[in-house]
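> I'd like to go over a predicted model; first the sequence, then the structure.
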Amino acid sequence: MPEKLNDIQKAQVLTSQLNTEITLLEGNKNSQNPHHGKKYAVRRTSDGYAPIVVGSKGSGSSEVAAVATSLETLSALELHQTELPPLREIVNGLLPQGLALLCAPSKYGKSWLSLDLCLSVAAGWKFLGFPTERSGVLYLALEDGHRRLKKRRGQMLQNNPPPENFYLAIKAGTVDNGLSEQIGTYLKEKPNTGLIVVDVLQRVRSSGQRGVSAYALDYADMGVLKNIADTHQLCVMAVHHLRKMPDKDDPFNMISGTNGIMGCADTIFVITKKSRESKEAVLHTTGRDVESSELVIEFDSTFLYKWKLVGTLEEQKAKDSRAEYDSNPVVKTIKALLVGNPEGFRITAGDFAAKMPEHAGEYFTPNAVGMAFKEWSKKLYDYDKIIFTPGDTKTRIHSFKKQAATLATVATTATLATIATDDELTLENLTEGVLQNA
């Protein structure tokens, strides 16, 4: 058991261990066993920790109601004085301990991303450029077979051997039939595990109950996975699907199921694309212990067979905006005409349209040219400090000119040119250079 656990966390770990031991002893269903069919919790007492019965593994236990009437409370002062272990970062800045959810439409590459995450954490490699905590990994690849897993692993690792602490399973119980016990037994044998990936969530869902709302069922199923993560202080990441109906304003609204699925998760990832054929996607992230982000990622399907980080969505939008500006035929023509007319030029839309084929290889109608002037006027100034002045209704002569360099800019440029030839750069000669050039 980790040393830096508070009383509540120690009780949670002991509870999981105790019920796992009882489950293992019940293989023969021996009715003489006094623990048969019972569920226990471990609580803090004046003498240490002690087990108490909280119900049966069947239904309708009166003992559950009796325990539920008592609250375990902690004063704010006690909480203030309690030293809690730091949050475990499986992927630093991206994936902390707790329950995580990775969502995308079918065949979008989420299983490739999951496998890359598993390999990266098991080996201690960076994942999408983020450092990882090297630890044991369990990958429940419940939609795959051994042949496909071996092929994909070989493609990603170029047939090099995988990390030794990476384990896979292609079959598992459900949240209401054995999954918790199976994972509890596995974690007792592999206590250094830091990440468990369930691919996909639907394969471990409960069978449902009559009279239980969809929200309650979603939250209860996710709650089982969250309890595993919280009890053992690791990360459980469930892979899930999105609805077909797009939502451009909030991609997290596309998560299949009720809000109970997202509401129970600590960290949520959603992958979106402009089109299914696109190799580029956006990884949307939100959560309780991570900063919300939108990362542009690209899938390499020719060599590494893995997703790589391109940049933030904001950076990519800025890059795309500049590329669109530089490639625009009207902008190209304006910049070409300014090269030949450094003091600026005045021109009608019709005359400008006639010059476009020479400078940009394309022709716009005068009306389209006038609309383009207005559309690009702000970016002309933002990117190249080109000032556009629209013509009046009579002459309709538009003017373009580069903004003159300011005195401070001229002085700074001249100063740097002067100082660049000096052997020493001091505050005195810097000040003297500015005064001389002012």
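Sure, I can see it.

> could you use CA atoms for every contact and neighbour count after this?
Fine.

> and V137, how close does it get to C235?
Counting by C-alpha to C-alpha, to the nearest Å, the separation of V137 from C235 is 10 Å.

> anything in contact with each of those two?
Each of G194, L195, I196 lies in contact with both V137 and C235 under the rule C-alpha atoms under 8 Å, 6 or more residues apart in numbering.

> by neighbour count, which of those residues wins?
Among those, the one with the most neighbours (other C-alpha atoms under 10 Å) is L195, at 28 neighbours.

> quick one: mean pLDDT over the helix or strand hosting it.
L195 belongs to strand 193-199 when assigned by DSSP states H and E. For strand 193-199, mean pLDDT rounds to 98.

> quick check: buried residues in the following helix or strand past it?
Sequence-wise, the next helix or strand downstream of strand 193-199 (DSSP H and E) is helix 214-232. Residues of helix 214-232 classed as buried by neighbour count (16 or more other C-alpha atoms under 10 Å): 217-232.

> alpha carbons of helix 214-232, as CSV, please.
Taking C-alpha atoms only, helix 214-232 is exported to CSV below (Å, rounded to 0.1, in the frame of the first residue of the first chain):
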residue,chain,number,x,y,z
ALA,A,214,-30.8,5.6,-18.6
TYR,A,215,-29.0,8.3,-16.7
ALA,A,216,-28.8,6.3,-13.5
LEU,A,217,-27.6,3.2,-15.4
ASP,A,218,-24.9,5.2,-17.2
TYR,A,219,-23.7,6.9,-14.0
ALA,A,220,-23.7,3.6,-12.1
ASP,A,221,-21.7,1.7,-14.8
MET,A,222,-19.1,4.5,-15.0
GLY,A,223,-19.1,4.7,-11.2
VAL,A,224,-17.7,1.1,-11.0
LEU,A,225,-14.8,2.1,-13.3
LYS,A,226,-14.2,5.3,-11.3
ASN,A,227,-14.2,3.4,-8.0
ILE,A,228,-11.4,1.1,-9.4
ALA,A,229,-9.4,4.1,-10.5
ASP,A,230,-9.9,6.0,-7.2
THR,A,231,-9.3,3.0,-4.9
HIS,A,232,-6.1,2.0,-6.6
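
> any idea of the mean pLDDT in it?
pLDDT averaged over helix 214-232 gives 95.

> ok and that helix relative to strand 193-199, angle-wise?
Using axes from the mean of the first three to the mean of the last three C-alpha atoms, to 10 degrees, the direction of helix 214-232 lies 160 degrees away from that of strand 193-199.

> helices or strands up against helix 214-232?
Judged by 3 or more C-alpha pairs under 8 Å, 6 or more residues apart in numbering; DSSP states H and E, the packing partners of helix 214-232 are helix 7-25, strand 98-103, strand 235-240, helix 259-264.

> give me the next element, helix or strand, following the second one.
The C-terminal neighbour of strand 98-103 among helices and strands, as given by DSSP H and E, is helix 110-123.

> put the alpha carbons of that following helix into CSV.
Extracted in CSV, the C-alpha atoms of helix 110-123 (Å, rounded to 0.1, in the frame of the first residue of the first chain):
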residue,chain,number,x,y,z
LYS,A,110,-9.1,5.9,-31.4
SER,A,111,-7.8,2.4,-30.9
TRP,A,112,-4.4,3.4,-32.5
LEU,A,113,-4.3,6.3,-30.1
SER,A,114,-5.1,4.0,-27.2
LEU,A,115,-2.4,1.5,-28.1
ASP,A,116,0.2,4.3,-28.6
LEU,A,117,-0.8,5.6,-25.1
CYS,A,118,-0.3,2.2,-23.6
LEU,A,119,3.1,1.6,-25.2
SER,A,120,4.3,5.1,-24.3
VAL,A,121,3.3,4.8,-20.6
ALA,A,122,4.7,1.3,-20.3
ALA,A,123,8.0,2.4,-21.8
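
> off-centre distance for whichever helix or strand comes after that helix?
Where DSSP H and E defines the elements, the next helix or strand beyond helix 110-123 is strand 136-141. Relative to its chain's centre, strand 136-141 lies at 19 Å (C-alpha atoms, centre = their mean, to the nearest Å).
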